[in-house]
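Colleague: Just a sequence and a predicted model for now, questions to come.
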Amino acid sequence: MSADRLDTNRQGAYQLDIIWSPVLELMTSLQVYLDRNLHKSIELGPNWARWVAKRLGHEFKALAEETKDIYPLSLLFWHEAHGQDVEAFLDWLGALTPGEIYDLVAPDLPPDAPPMPKDLGARRDRFVALLRAWNDGYFRRFNKLVLAGLESDAEAKRAMLQRMKPEEVFEEATGGVVLLPSPDIKRVVLAPHYHARPWNLHDRLAWGPVYQYPADVVQAQADEPSSTLLRLTRALADESRLRILRYLSRGPRTFTEIAKFSELAKSTVHYHMMLLRAAGLVRVHVSYDGPDRYSLRPGALDKLGGRLADFLKE
């Protein structure tokens, strides 16, 4: 990713770039659909995945099975996707030579990345065919108001950079992720997404991390609670999670320490932490050099009373 292609802010611990394009949501929606492990935990739910599968049919399923390995082609979405519409991007991607693909993605690969595949051209052809089928069968008809909302959310986060440090904007957008200082983090990229809510999606590149954060861009009906309020109340409606929050209020803890304190199975603790993180109640201190640590997010509960009161008064 070339620095001269992006708006930047260098007043914090790292350079933060906030981008958005319908092309990014095209890729995110496809990845979410293909990853069955996500279907039960995303807010769109398994019914969405079943509805899409029925709509796309067996031909798309066969095409997806032929296109399992897209490494490192997904990195190209962070190059020319910004500002382009889907058709223009797919035309650009389909016209690249293997040498051009290599030149674009090689600088982004982290030191521990697997070797560059020798069949880049063939992989690209299968990938473009899959993306076109996904676009034609699903994404082209996707709600344009949601896409406009994602674009507006990215613009709002850029505006926040004018009055807040990059680290503060990053934590606000991701609902509590804190990147610990590291010489390996020179640049951080943020982009809003819809399909994988309430989760952050992230990847590590040579120059730093890329995070796609969940954006609530669809307003709840007048008689329904907002997604934010639902996540908060669900997260608090469990004795074990409340005990974990109290434990975290005393200082940062590793997952192992939390599991030991709770005396619960690690899988159960993992589930509890997922809900607490989705609700924005927990800070995740991400380190490149050691295990992540968790702490109570300051002020996370301050807005609960107001949000609940607003809903009850509507």
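Modeller: Looks like it arrived, so ask away.
Colleague: Mind splitting the protein into its structural domains?
Modeller: 7-213, 227-313 (automatic domain parsing).
Colleague: got the ones you listed as TSV, with mean neighbour count and distance to residue 219 columns?
Modeller: In short, each C-beta sits where N, CA and C put it, glycine included. As requested, the domains of the chain are arranged in TSV below (neighbours: other C-beta atoms under 10 Å; distance: least, C-beta to C-beta, whole Å):
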stretch	mean neighbour count	distance to residue 219
domain 7-213	17	9
domain 227-313	16	10
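Colleague: if I look at residue 233, how far off is residue 119?
Modeller: Applying C-beta to C-beta, to the nearest Å, the value for residue 233 to residue 119 is 50 Å.
Colleague: And residue 204, how far from residue 54?
Modeller: 36 Å.
Colleague: got it, and residue 195?
Modeller: For residue 195, the distance to residue 54 - C-beta to C-beta - is 17 Å.
Colleague: tell me what the host helix or strand of residue 135 is packed against?
Modeller: Residue 135 belongs to helix 120-137 when assigned by DSSP states H and E. Under the contact criterion of 3 or more C-beta pairs under 8 Å, 6 or more residues apart in numbering; DSSP states H and E, helix 120-137 touches helix 22-34, helix 45-66, helix 86-95, helix 98-105.
Colleague: Mind listing residues that contact that helix?
Modeller: With contact meaning C-beta atoms under 8 Å, 6 or more residues apart in numbering, helix 120-137 is reached by 26-27, 29-30, 33, 55-57, 59-60, 63-64, 66-67, 69-70, 73, 86-87, 90, 93-94, 96-98, 101-102, 117.
Colleague: Repeat that for stretch 107-119.
Modeller: Contacts for stretch 107-119 (C-beta under 8 Å, 6+ apart): 1, 69, 71-72, 75, 78, 102, 105-106, 123, 204-207.
Colleague: Strands - which of the residues you listed land there?
Modeller: 204, 205 (DSSP state E).
Colleague: Let me know the next secondary structure element after the helix holding residue 135.
Modeller: Assignment by DSSP H and E places the next element after helix 120-137 at helix 144-160.
Colleague: Quick one: list the elements packing against the helix or strand that comes right after that following helix.
Modeller: Remark: after helix 144-160, the chain's next helix or strand is helix 166-174, criterion DSSP H and E. Here helix 166-174 touches strand 15-18, helix 144-160, strand 177-179, strand 187-193, strand 208-214, going by 3+ C-beta pairs under 8 Å, 6+ apart.
Colleague: If we use 6 Å, what do you get?
Modeller: Applying 3 or more C-beta pairs under 6 Å, 6 or more residues apart in numbering; DSSP states H and E, one finds that helix 166-174 contacts helix 144-160, strand 208-214.
Colleague: gap between it and the chain center?
Modeller: Taking C-alpha atoms, centre = their mean, to the nearest Å, one finds helix 166-174 lying 13 Å from the centre of the chain it belongs to.
Colleague: Can I get that helix in CSV? Just the C-alpha atoms.
Modeller: Extracted as CSV, the C-alpha positions of helix 166-174 are listed here (Å, rounded to 0.1, in the frame of the first residue of the first chain):
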residue,chain,number,x,y,z
PRO,A,166,-4.8,8.2,16.1
GLU,A,167,-4.7,5.7,18.9
GLU,A,168,-7.9,7.1,20.4
VAL,A,169,-9.7,7.0,17.1
PHE,A,170,-8.5,3.4,16.6
GLU,A,171,-9.8,2.3,20.0
GLU,A,172,-13.1,4.0,19.5
ALA,A,173,-13.6,2.4,16.1
THR,A,174,-12.6,-1.1,17.1
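Colleague: Just the mean pLDDT for it, thanks.
Modeller: Helix 166-174 carries an average pLDDT of 96.
Colleague: Over to stretch 146-163?
Modeller: The average of the pLDDT scores along stretch 146-163 is 96.
Colleague: Need the residues that contact that stretch.
Modeller: Contact with stretch 146-163 is made by 9, 18, 20, 22, 169, 173, 192, 194, 215, 217, as judged by C-beta atoms under 6 Å, 6 or more residues apart in numbering.
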